[in-house]
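Participant: no sequence on this one, just coordinates:
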């Protein structure tokens with residue numbers, strides 16, 4: 001894959017970055033749009049034109065989203081773990097019960 005330099009724009013500031021192919025370019029475009037949107041939202045809410053302040057506040061908002069999503073993800077992983085344990089217990093119970101019936105059936109013959 002060939003590295004490619006593309007120009008992106010975030011909050012009216014242009015940057016040149018290196019990407020590794022078409023897929024990365026689309027992904028970078030998606031990230032760029034998201035960051036730009038967040039910075040514009042912060043600028044409107046905070047009523048400031050200071051780029052650094054806007055960038056830091058946007059970074060805080062994005063980090064908050066990340067941490068909240070990580071917390072949700074961890075909760076889901078925990079729930080899935082409990083469900084897996086329940087399934088294993090049920091399987092063990094059913095296999096034990098099935099073996100009991102086979103033993104009873106064999107002794108009747």
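Facilitator: Cool, the structure landed. Just so it is clear, the model here is predicted, and its values are computed rather than measured. Numbers count the residues shown, from 1 in each chain.
Participant: for the biggest helix by length in the chain, the distance to its chain's centre please.
Facilitator: Secondary structure of the chain per DSSP state H: the longest helix is helix 51-108. From the chain centre to the centre of helix 51-108 is a distance of 16 Å (C-alpha atoms, centre = their mean, to the nearest Å).
Participant: so where is this structure shaky, pLDDT-wise?
Facilitator: Along the chain, the model assigns pLDDT under 70 to residues 1, 98-109.
Participant: does residue 14 sit in a helix, a strand or a coil?
Facilitator: Recorded secondary structure, residue 14: strand (DSSP: H, G, I helix; E, B strand; the rest coil).
Participant: what do you get for residue 5?
Facilitator: At residue 5 the chain is in strand, as set by three-state DSSP.
Participant: Ok, the one 3 residues further on next?
Facilitator: When the structure is split into helix, strand and coil by three-state DSSP, residue 8 lands in strand.
Participant: quick one: it from residue 34, how far?
Facilitator: As judged by C-beta to C-beta, to the nearest Å, residue 8 and residue 34 stand 12 Å apart. Any C-beta I mention is one placed from the backbone N, CA and C, and that applies to glycine too.
Participant: These two - which one has more neighbours?
Facilitator: residue 8 (18 against 13; other C-beta atoms under 10 Å).
Participant: contacting residues for the closest residue in space to that one that isn't next to it in sequence?
Facilitator: The shortest distance from residue 8 to any residue other than its chain neighbours is 4.6 Å, reached at residue 32 (C-beta to C-beta, 6 or more residues apart in numbering). Residue 32 makes contact with 8, 9, 10, according to C-beta atoms under 8 Å, 6 or more residues apart in numbering.
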